[in-house]
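J.: Here is a sequence together with a model predicted from it:
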Amino acid sequence: MSERHMVRMAEQAISNKGSDVLVSLGLGSCIGLALIDESAGVAGLVHIVLPRSPDSGPGSTPSKFADTAVPGLLEAVMRAGGRNGRLRAVLCGGAHMFGTAGTNPVMQIGARNAESTLEALTRLRIPVRAKDTGGSSGRSIEVNVASGAVSVRGVGQPSKQL
Amino acid sequence: MADVYSEMEMSAIREIANIGTGTAATALGQLIGRGIDIAVPAAEFVPLGEVAERIGSVESRTIGVFLPVFGDVPAAVLLVFAKSAAETLCTSLGCDADSEMGHSALREIGNILAASYTNAIGTMTGLQIEPNTPTLAEDMLGSIVSTALVMTVEAADSALFMETAVTIEGEACDFAFLFLPEQSAIDALLARLGLRAAA
């Protein structure tokens, strides 16, 4: 029986157990970022809420902010047996849920989340295997630790593999 | 942020929720021409990750109407309608919940509820509160709630969750009315009620 680990806003989960599935439900402007080492059978998933940590630092929730969540997830995945050169990233989310918001930067939070996450991945030299970001619809993401497979689905839609 | 407020301040916050919701329910009853009952509203600090779960099943299809609130009390109003509730309300107004007309009706309900709620708080405190134009999204409950939270609470780790259950003439109408004040808004409200030094 596989065990599903829910990763809610500003949380992360890491696993090297083949039977585990890491899940974030109902991503809107948030980002679900998975780091996967297929050959080691290790995966991590973080639910990023905001693009950048405040000047005062990320406080007790580094997983909340893209700039601290990505290095934090990398470190945790490596501790669980992942190897940096083999890691691949899969990300989804960053939607613009409430339309007609114009150019108000607060309303563009989804796009800024995606951008900041990709920047952090580039900085850490982690290749992106697949991404499904932007648009105006919410998503749920599931990461199968054993196979490294990632599926994404929207409301009332069949899931697709990333 | 949850521990920052004393029991007396939390009762004041609950009273604000109570008065706001009562006024909003009366306005909704007048709009749809039916009797509305509301439960005593919840007002508590909830960790961001748990807010959506408090309302319902995170992946269920819902309609969210979001209104930013400006002025002395920066906040947002979010209405979350289960599909069944959207249909009940739209039927009362003679339109179909899945049509553009239905969506306009739900946005208008958002307008009326937010305006009456914030007016009540404004009258009580003398603060200026202005709801902005509503926007609507039909999607997963979790996506709608988390996005609305991100747009209001920004750096905070918990949200002041003010929610109420609504019944229309004995028929449960599964929608949530959420008032999401920013930290500075909570402080402004408490200061005006004499419970906290003005910033």
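T.: It's in. Numbering: from 1, shown residues only, chains lettered A, B, ... in the order given.
J.: what's the distance between the residue in chain B that chain A sits nearest to and A:His5?
T.: Nearest residue of chain B to chain A (CB to the nearest CB) works out as B:Gly142 at 1.8 Å. Placement of C-beta: from N, CA and C, glycine included. Distance, B:Gly142 to A:His5, using CB to CB, to the nearest Å: 16 Å.
J.: repeat for B:Met162
T.: 31 Å.
J.: Contacts only, for the residue nearest to B:Asp174 when sequence neighbours are not counted.
T.: Sequence neighbours aside, B:Ala82 is the residue nearest to B:Asp174 in space, at 3.9 Å (criterion: CB to CB, 6 or more residues apart in numbering or on different chains). Neighbouring residues of B:Ala82 by CB atoms under 8 Å, 6 or more residues apart in numbering or on different chains: B:56, B:60, B:62, B:174-175.
J.: Beta-bridge partners for B:Ala82, please?
T.: B:Ala82 has these beta-bridge partners by DSSP bridges: B:Thr62.
J.: what about residue 37, neighbour count?
T.: Using chain A here. 22 (other CB atoms under 10 Å in any protein chain shown).
J.: Actually, chain B is the one I wanted.
T.: With other CB under 10 Å as criterion, B:Asp37 counts 14.
J.: Would you agree B:Glu87 is in contact with B:Cys95?
T.: No: in this structure, B:Glu87 is not within contact of B:Cys95 by CB atoms under 8 Å, at 10.2 Å.
J.: Find me the pLDDT at the residue positioned nearest the centre of chain B, would you?
T.: For chain B, the residue nearest the mean C-alpha position is B:Leu178 (2.5 Å; CA atoms, centre = their mean). If you check B:Leu178, the pLDDT there is 87.
J.: and it, that one's in a strand?
T.: Yes: assigned with DSSP: H, G, I helix; E, B strand; the rest coil, B:Leu178 falls within a strand.
J.: Quick check: chain neighbours aside, which residue is closest to it?
T.: B:Leu78 (4.4 Å).
J.: Please apply the same query to B:Gly20.
T.: B:Tyr117 (4.1 Å).
J.: again with B:Asp72
T.: B:Asp72's closest residue in space is B:Leu127 (CB to CB, 6+ apart), at 4.1 Å.
J.: what about that neighbour, which SS state?
T.: B:Leu127 - assigned by three-state DSSP - is coil.
J.: Contacts only, for it.
T.: B:Leu127 touches B:71-73, B:121, B:188-189, B:192, counting by CB under 8 Å, 6+ apart.
J.: Could you rerun that using 10 Å?
T.: B:71-73, B:118, B:121, B:185, B:188-189, B:191-192 (CB atoms under 10 Å, 6 or more residues apart in numbering or on different chains).
J.: Give the other helices and strands that the worst-scoring helix or strand of chain B on mean pLDDT contacts.
T.: In chain B, the helix or strand scored least confidently by mean pLDDT, DSSP states H and E is strand B:171-173, which has a mean of 76. Strand B:171-173 is packed against strand B:36-38, strand B:75-82, helix B:83-92, strand B:166-168, with contacts defined by 3 or more CB pairs under 10 Å, 6 or more residues apart in numbering or on different chains; DSSP states H and E.
J.: if you set the cut-off to 8 Å instead, what comes out?
T.: helix B:83-92 (3 or more CB pairs under 8 Å, 6 or more residues apart in numbering or on different chains; DSSP states H and E).
J.: From the contacts of B:Leu127, which land in strands?
T.: B:Gly71 (DSSP state E).
J.: Quick one: residues contacting the residue of chain A found nearest chain B.
T.: Of all residues in chain A, A:Gly26 sits closest to chain B, at 1.8 Å by CB to the nearest CB. Residues near A:Gly26 by CB under 8 Å, 6+ apart: A:138, A:140, B:52, B:58-59, B:140-146.
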